[in-house]
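Participant: model the following, please.
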Amino acid sequence: MLRAVLDRLKKNDDLVTCSVPVDPKFELGAVLSHFRNEQPILFSSVTGSKVSVAGALYGNRRIICDLLNTTLEDRIFKIMNAVANPGKPRIIDKGPVQENVIRGNIDLRALCPFPISNERDSGPYITAGIIAYRDIDSRCTHMAVRRFQVNEGNSLNVLVSGASPHLLNMLTECEKNNKTLECAVILGYDAAFLLSSQIGSQKYGLDKYAVDSAMRGEPLELVRCRSIDFEVPAYAEIVFEGVIHPGRKGKEGPFAELMGYYSELGTSPLMEITTVTHRNDYIFQHAFPCREEHLVYGMIKEAELYAALSSVVDVLDVNLTIGGGCRLNAVVSIRKRSPGDGKSAIITTLGAYKDIKHVVVVDEDVDIFDPLDVEFAISSRFQASTDLVMIAGALGSPLEASHLERGMTDKLGFDATKPLGAASQNYARAKIPGFENSLDINKYLGPLKKKQRGETA
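Facilitator: Now for the predicted structure:
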């Protein structure tokens, strides 16, 4: 999983290695943030630890598509196919993730260089960990990226909020029936596993290991855990097996989350780690808070939005922008066929997903992944008196600061599409004949490094 990802990133010139010693407290995160968490970096020398750290592996949409063996244009259909046609995982007798087994006297903080990312964070956190558990009734496997506050000894705080309704309901049921929930925290996975974790458990009710098997195009290989009745990926780097006891909670936070604002001190369930398994020379996987998991979460929501829009207009693509936390702002590309298509696309987008505050609808000649091109469309094709849709006092994202303050959110839609008919001729964009779509700049200047091409990764 992770090692294959690192090999592929290196082969594609997408991975850089930092061999200068870095402190996991603030410094490591500062290096990742310099590249807006889009540049995959392997830190081979981390202060106070012999364990290497891999960070920002899945913060770039192009890289994720490449790792999934798909393209930006086809990603939505690959996701839809995996949800509609889940595969079947395979259990094998043994796997590298269990090359080492630790039971008893577990000291989590001695095992990995858990980073502290921001000034007011309450302590070290696991931010790339995926919690996996089995539904008590359906026996389906569910999983989600959660943040885990690393406490002393063998204890983790697991953030369980309304953003993870299935896990929240499962823990509520366990408390009612005074049962423990067996679960595992998995680190060292690939893009298919991460993307599959973001499929809505409550919405689809699918076994996510099965979705993963379809996403990767072959069965996900699993091994049985050593202390709980569960299975985990055989080729992961580290697995923390454990249980959440009913009603047992501890203080958690503050922590800088979506959009870089701090959560307040609260309480969250405590997970008791019963066994740790890991590969030889294991690599710790890290994600600077609130970027990588939000990008892949947004990619899943883009597929859902596309499906909703496709029954209303001729939709071409959807982008939940990184600047909006991959939740709050959408750009929709349509092939306009009727005068009302732009407004209909706005209404559908704002109604399909409550987190979205703003949506811009553009024509097919606008690149929805280029902020300059979207600004071009707003600047030259939008008039506020006729093309603006505003809805006051609607439901919004519980992770958005101004919504939290008011308990409601105002929504805006921008119809930045061209008029139809003869008037559309006034909006024809200038072209350079023969070079409308692309230019192989290497032909003129020789091979350029990514930085010279203006790419972050």
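Participant: any idea of the mean pLDDT in the longest helix along the chain?
Facilitator: If you go by DSSP state H, the chain has its longest helix at helix 292-310. Averaging pLDDT along helix 292-310 gives 94.
Participant: for it, packing partners?
Facilitator: Helices and strands touching helix 292-310, by 3 or more Cβ pairs under 8 Å, 6 or more residues apart in numbering; DSSP states H and E, are helix 61-67, helix 75-84, helix 191-197, strand 315-320, strand 329-334, helix 341-352. Glycine gets a C-beta too; all of them are placed from N, C-alpha and C.
Participant: mind doing that once more with 6 Å?
Facilitator: On a contact count with 3 or more Cβ pairs under 6 Å, 6 or more residues apart in numbering; DSSP states H and E, helix 292-310 meets helix 75-84, strand 315-320, helix 341-352.
Participant: got the angle between that helix and strand 315-320?
Facilitator: Computed by axes from the mean of the first three to the mean of the last three Cα atoms, to 10 degrees, the angle separating helix 292-310 from strand 315-320 equals 150 degrees.
Participant: helix 292-310 vs helix 75-84, what angle?
Facilitator: Going by the same axes, to 10 degrees, helix 292-310 makes 90 degrees with helix 75-84.
Participant: got the buried residues for helix 292-310?
Facilitator: For helix 292-310, a neighbour-count test (16 or more other Cβ atoms under 10 Å) marks 292-306, 308-309 as buried.
Participant: also stretch 117-127?
Facilitator: Neighbour-count burial for stretch 117-127 [16+ other Cβ under 10 Å]: 117-118, 121-127.
Participant: are we agreed that residue 390 is in a helix?
Facilitator: No. Under DSSP: H, G, I helix; E, B strand; the rest coil, residue 390 falls outside any helix and is assigned strand.
Participant: and the closest residue to it other than its chain neighbours, what element?
Facilitator: Of all residues not flanking residue 390 in the chain, residue 412 sits nearest, at 5.6 Å (Cβ to Cβ, 6 or more residues apart in numbering). Counting by DSSP states H and E, the element that carries residue 412 is strand 409-415.
Participant: low-confidence ranges in this structure?
Facilitator: 448-457 (pLDDT under 70).
Participant: quick one, longest strand in it?
Facilitator: In the chain, with assignment by DSSP state E, the single longest strand is strand 238-252.
Participant: quick one on the thing from earlier: sitting in strands, which of the buried residues of stretch 117-127 do you find?
Facilitator: Per DSSP E, the subset of these in strands is 125-126.
Participant: save the buried residues of stretch 117-127 as a markdown table, and put in distance to residue 3 too.
Facilitator: Converted to a markdown table, the buried residues of stretch 117-127 look like this (distance: Cβ to Cβ, whole Å):
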| residue | distance to residue 3 |
| --- | --- |
| 117 | 25 |
| 118 | 29 |
| 121 | 29 |
| 122 | 32 |
| 123 | 29 |
| 124 | 24 |
| 125 | 24 |
| 126 | 19 |
| 127 | 20 |
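Participant: no more questions from me, cheers.
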